[in-house]
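S.K.: Quick one, structure for this:
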Amino acid sequence: MLRYKNSNYNVIFEDGDKVVFVNLLTEAIATVNKEKYNKIKEIMESPNKEWSREYADLKNDLIYGGYLIEENFDEIQHLKAMNYRSRYDASFISFTIMPTMRCNLDCIYCYETHEGPTMDEKTTETVANYISTVAKSKRRIHIGWFGGEPLLKFDTMKYINEKVIKACEEYKTNFSSSISTNGYLLSAEKAKLFDELMIRNVQITLDGPKEYHDKYRP
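M.R.: Got it, this is the predicted structure:
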């Protein structure tokens, strides 16, 4: 019988009357009420006990999300293998695109001038065409949006992602995208478009509680 242990990458925190479970290795996220949390806590404290009914189902969910892992599974070695594979795998390529060096915030510690260049239409078209061509010879392509504040040039992001997605569909290439943003310009309208632009990972930068965040990031 397989034996299990808790992942070292579990993060658990309370959010009002809910408890949020995150696994930083699998990127699994789950939100449960306090009653279910107490049951999950029992399972995670004794993962190799014979559980039945609802408890057995919860244990299977924890295994599926990577919160419980096989006892002989080495997460550090797994991370190293993933790193080596991404470093030397010629079938995958990742692009980091900075559509603008400008930013709508003026963080006191920032080393950028906020007055740098912004991608014009010609550059946007060139980048979109280049990545679309690369898609012919790759199995996977990733675009990471960075800045400056990339949402200042959301039209550029939208145009490039749409064109590359179309090329990837034609060449049967897997596509994914992410963005790092301060979140100020992230409207509900833009967030809904993220789905069709295949932006699956959104990193929103925060500097602690409101009073510190607003002091350092005017």
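S.K.: separation between the residue lying farthest from the centre of the chain and residue 37?
M.R.: In the chain, residue 50 marks the outermost C-alpha relative to the chain mean, sitting 34.8 Å out by C-alpha atoms, centre = their mean. Residue 50 sits 21 Å away from residue 37, going by C-beta to C-beta, to the nearest Å. Glycine gets a C-beta too; all of them are placed from N, C-alpha and C.
S.K.: Next: residue 152.
M.R.: Using C-beta to C-beta, one obtains 40 Å as the distance from residue 152 to residue 37.
S.K.: Then the residue farthest from the centre of the chain would be within a helix, right?
M.R.: No - judged by DSSP: H, G, I helix; E, B strand; the rest coil, residue 50 forms no part of a helix; its state is coil.
S.K.: Got the phi and psi for it?
M.R.: Backbone torsions of residue 50, given as degrees, to the nearest 10, read phi -80, psi 100.
S.K.: which phi and psi does the nearest residue to residue 33 once chain neighbours are set aside have?
M.R.: Closest residue to residue 33 apart from its sequence neighbours, by C-beta to C-beta, 6 or more residues apart in numbering: residue 18 at 6.3 Å. The phi and psi values for residue 18, taken as degrees, to the nearest 10, are phi -110, psi 160.
S.K.: list the buried ones in the longest helix seen in the chain?
M.R.: Assignment by DSSP state H gives helix 154-171 as the longest helix of the chain. Neighbour-count burial for helix 154-171, counted by 16 or more other C-beta atoms under 10 Å, picks out 154, 156-157, 159-161, 163-165, 167-168.
S.K.: got it, and stretch 121-140?
M.R.: For stretch 121-140, a neighbour-count test (16+ other C-beta under 10 Å) marks 124, 127-128, 131-132, 134-135, 138, 140 as buried.
S.K.: hang on, the earlier thing: take the buried residues of helix 154-171 and write them to CSV, including distance to residue 9.
M.R.: What follows is the buried residues of helix 154-171, written out as CSV (distance: C-beta to C-beta, whole Å):
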residue, distance to residue 9
154, 32
156, 34
157, 30
159, 36
160, 32
161, 29
163, 36
164, 31
165, 30
167, 34
168, 30
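S.K.: ok, which stretches of this structure are helices?
M.R.: 34-45, 53-65, 75-88, 121-134, 154-171, 188-196, 210-216.
S.K.: can you redo the ones you listed as JSON lines with mean pLDDT and distance to residue 98?
M.R.: As requested, the helices of the chain are arranged in JSON lines below (pLDDT from 0 to 100; distance: least, C-beta to C-beta, whole Å):
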{"stretch": "helix 34-45", "mean pLDDT": "94", "distance to residue 98": "41"}
{"stretch": "helix 53-65", "mean pLDDT": "93", "distance to residue 98": "34"}
{"stretch": "helix 75-88", "mean pLDDT": "88", "distance to residue 98": "21"}
{"stretch": "helix 121-134", "mean pLDDT": "96", "distance to residue 98": "11"}
{"stretch": "helix 154-171", "mean pLDDT": "97", "distance to residue 98": "10"}
{"stretch": "helix 188-196", "mean pLDDT": "93", "distance to residue 98": "18"}
{"stretch": "helix 210-216", "mean pLDDT": "89", "distance to residue 98": "22"}
